[in-house]
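Undergrad: need coordinates for the following:
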Amino acid sequence: MLFRSLLVEAGAKMDSTDKEQGQNALMWAVAQSHADVTKVLLGKGADFKARSKSGFSPLMFAARVGDIESARALLAAGADVNEAMPFVKKAEIPRYPPPPPSDKKDDGPAPGTGTMTPLLMAAASGHEALAQFLLEKGANPNAREDRKSTRLNSSHVSDLV
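TA: Numbers count the residues shown, from 1 in each chain. So this is what the prediction gives:
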């Protein structure tokens with residue numbers, strides 16, 4: 001932890017992104033459930049609204065891995081509990097290694113992309129405690145993802161609250 005703080009103090013660029021996924025240090029910290037690092041980065045002004053190439057924000061990473069402490073820190077910093085992932089065409093999602101060239105055009109939605117919200121992501125990933133927390137923080141239980149099917153129905157919501 002001290003080493004990470006020293007890196008930030010020494011002027012490390014917090015919002016630099018990797019070339020393959022477009023993820024910054026805050027996204028990596030949240031995706032690895034390092035709430036202590038998340039808090040340091042947020043305290044130093046890390047961009048909690050940034051998006052990876054596939055449309056994930058730091059809050060969406062927290063929802064995917066079920067990290068309540070990072071989600072709490074992100075919401076306290078101003079992240080929107082009802083943010084939605086932008087629709088991303090399959091052809092725009094980076095792959096490593098890159099797929100071989102193809103003559104086919106595939107621009108339909110990729111799995112997990114579209115208008116997914118943190119609540120839907122937490123529920124779909126099986127993180128009930130985080131889903132409950134997001135509902136308590138004002139998450140919309142009627143949110144719908146891009147295929148117009150809701151991930152939560154009334155029985156799911158009543159189980160969570």
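
Undergrad: from here on, just use CA atoms for contacts and neighbour counts.
TA: Fine.

Undergrad: low pLDDT regions in this protein?
TA: For the chain, the stretches with pLDDT under 70 are 1-14, 16-18, 87-114, 145-161.

Undergrad: need the contact list for the closest residue to S33 other than its chain neighbours.
TA: Leaving out its chain neighbours, the residue that sits closest to S33 by C-alpha to C-alpha, 6 or more residues apart in numbering is D67, at 5.8 Å. Contacts for D67 were tallied using C-alpha atoms under 8 Å, 6 or more residues apart in numbering; they are 30, 33, 35, 130.

Undergrad: mind listing which of these are in helices?
TA: Among these, the residues falling in helices (DSSP state H) are 30, 35, 130.

Undergrad: spit out the contact partners of the second one.
TA: Taking C-alpha under 8 Å, 6+ apart as the criterion, A35 is in contact with 29, 67, 69-70, 73.

Undergrad: now the closest residue to K137 other than its chain neighbours: phi and psi?
TA: Counting by C-alpha to C-alpha, 6+ apart, K137 lies nearest to V81, which is 7.1 Å off, once chain neighbours are set aside. Per-residue torsions, V81: phi -60, psi -20 (degrees, to the nearest 10).

Undergrad: now do the phi/psi pair for M116.
TA: phi -60, psi 140.

Undergrad: again with the one 5 residues further on
TA: For M121, the backbone dihedrals are phi -60, psi -50 (criterion: degrees, to the nearest 10).

Undergrad: any idea how far L130 is from L41?
TA: To L130, L41 is 21 Å away according to C-alpha to C-alpha, to the nearest Å.

Undergrad: ok, now E69?
TA: Separation of E69 from L130 (C-alpha to C-alpha) stands at 9 Å.

Undergrad: which of the two has more neighbours?
TA: The neighbour comparison of E69 against L130 (other C-alpha atoms under 10 Å) goes to L130, with 26 against 18.

Undergrad: which residues sit in contact with the more buried one?
TA: L130 touches 63, 66-68, 122, counting by C-alpha under 8 Å, 6+ apart.
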